[in-house]
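Asks: quick one: sequence plus predicted model below, questions after.
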Amino acid sequence: DGGITQSPKYLFRKEGQNVTLSCEQNLNHDAMYWYRQDPGQGLRLIYYSQIVNDFQKGDIAEGYSVSREKKESFPLTVTSAQKNPTAFYLCASSFSGQAMGYGYTFGSGTRLTVV
Amino acid sequence: DQQVKQNSPSLSVQEGRISILNCDYTNSMFDYFLWYKKYPAEGPTFLISISSIKDKNEDGRFTVFLNKSAKHLSLHIVPSQPGDSAVYFCAAVAGGTSYGKLTFGQGTILTVHP
């Protein structure tokens, strides 16, 4: 079955540590995205990538980094510079230029908690 | 700058009645709109969409209405069922066939009571 997989589902991080959230898709989608969900603020775009080895900052990129070495994978690193990293993180993918129709396919999310 | 706004954080309706979720936008370049449904601890799933060349799109119990002059869209669910209880996100994209970066609203929590 094709889909998009995020791991881990729950992640705990100590202050000052970097952590990497995994996102893998086997839908042959060109574009991948990372969103953050906070209560009352909806989904905010962190980074997105249209093709391999290329990515752009979204609306709240500070304190985050990404890489896109393979079409299937778009890992997100939450660095120690991110002031308030506790949130629910969602990865999504789509064919480039295909926001129409069903839009994105989302993963099931990673809940990151800083302890 | 919130370009897509869902001003009602929550909505409570009785089973069998109509649920109406509202969404406003400010960017006149938006030309395609989508609604997503999200359960706790899960990713959003696509529900229904509408192009700016239409003012209505229907899919079973779900209908989306678009009023371009008012920059307003709404999602109607008739009849509402307890399984519809979830967070509903409105999303918009600009540029027609260009790369589709979605902008989301804050979400509305819908609770359908049996």
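Replies: Ah, there it is. Since the structure is predicted, the reported quantities are computational estimates derived from the model, not experimental observations.

Asks: name the helices or strands packed onto the lowest-mean-pLDDT helix or strand in chain B?
Replies: Of all the helices and strands that make up chain B, strand B:103-104 has the lowest average by mean pLDDT, DSSP states H and E, namely a mean of 90. For strand B:103-104, the contact count by 3 or more CB pairs under 8 Å, 6 or more residues apart in numbering or on different chains; DSSP states H and E identifies strand A:42-49, strand B:86-94 as packing neighbours. For glycine as for every other residue, the C-beta is placed from the backbone atoms N, C-alpha and C.

Asks: would you list every one of the strands in chain B?
Replies: Per DSSP state E, chain B has strands spanning B:4-5, B:10-14, B:19-25, B:30-38, B:45-51, B:56-59, B:62-67, B:72-77, B:86-94, B:103-104, B:108-113. These are given in chain order.

Asks: buried sites along stretch B:33-53?
Replies: By neighbour count on 16 or more other CB atoms under 10 Å in any protein chain shown, the buried set for stretch B:33-53 is B:33-38, B:43-44, B:46-50, B:52.

Asks: over to stretch B:19-26?
Replies: Of the residues in stretch B:19-26, those with enough neighbours to count as buried (16+ other CB under 10 Å) are B:19-25.

Asks: tell me the average confidence for that stretch?
Replies: Taken as a whole, stretch B:19-26 carries a mean pLDDT of 97.

Asks: who touches it?
Replies: For stretch B:19-26, contacts defined as CB atoms under 8 Å, 6 or more residues apart in numbering or on different chains pick out B:1-8, B:11, B:13, B:33, B:35, B:70-78, B:80, B:84, B:88, B:90, B:92, B:105, B:108, B:110, B:112.

Asks: again with stretch A:37-57
Replies: With CB under 8 Å, 6+ apart as the contact definition, stretch A:37-57 has outside contacts at A:30-36, A:58-61, A:64, A:66-71, A:74, A:76, A:87-90, A:96, A:109, B:4, B:6, B:9, B:44, B:89, B:99, B:101, B:103-107.

Asks: for stretch A:81-95, same thing?
Replies: In this structure, residues lying in contact with stretch A:81-95 by CB under 8 Å, 6+ apart are A:4, A:6, A:13, A:21, A:23, A:25, A:27, A:29-38, A:43, A:46, A:62-64, A:74, A:76, A:78, A:103-107, A:109-114, B:41, B:43-44, B:100.

Asks: among these, which ones are buried?
Replies: The neighbour-count test (16+ other CB under 10 Å) marks A:4, A:6, A:13, A:21, A:23, A:25, A:29-37, A:43, A:46, A:64, A:74, A:76, A:78, A:103-107, A:109-110, A:112, A:114, B:43-44, B:100 as buried among the contacts of stretch A:81-95.

Asks: point out where chain A drops to low pLDDT.
Replies: When residues are selected by pLDDT under 70, those of chain A lie in A:1, A:97-102.

Asks: can you do 80?
Replies: A:1-2, A:39-41, A:96-103 (pLDDT under 80).

Asks: chain neighbours aside, what residue packs nearest to the residue nearest the centre of it?
Replies: Closest residue to the average C-alpha location of chain A: A:Trp34 at 2.7 Å, with CA atoms, centre = their mean. For A:Trp34, ignoring the flanking residues on the chain, the nearest one in space by CB to CB, 6 or more residues apart in numbering or on different chains is A:Ile46 at 4.3 Å.

Asks: contacts only, for B:Gly43.
Replies: By CB under 8 Å, 6+ apart, the residues touching B:Gly43 are A:4, A:6, A:90, A:92, A:106-109.

Asks: save these as a markdown table, and put in secondary structure and distance to A:Gln82 too.
Replies: Compiled in a markdown table, the contacts of B:Gly43 are given as follows (DSSP: H, G, I helix; E, B strand; the rest coil; distance: CB to CB, whole Å):
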| residue | secondary structure | distance to A:Gln82 |
| --- | --- | --- |
| A:Ile4 | strand | 23 |
| A:Gln6 | strand | 18 |
| A:Leu90 | strand | 16 |
| A:Ala92 | strand | 20 |
| A:Phe106 | strand | 21 |
| A:Gly107 | coil | 20 |
| A:Ser108 | coil | 22 |
| A:Gly109 | coil | 17 |
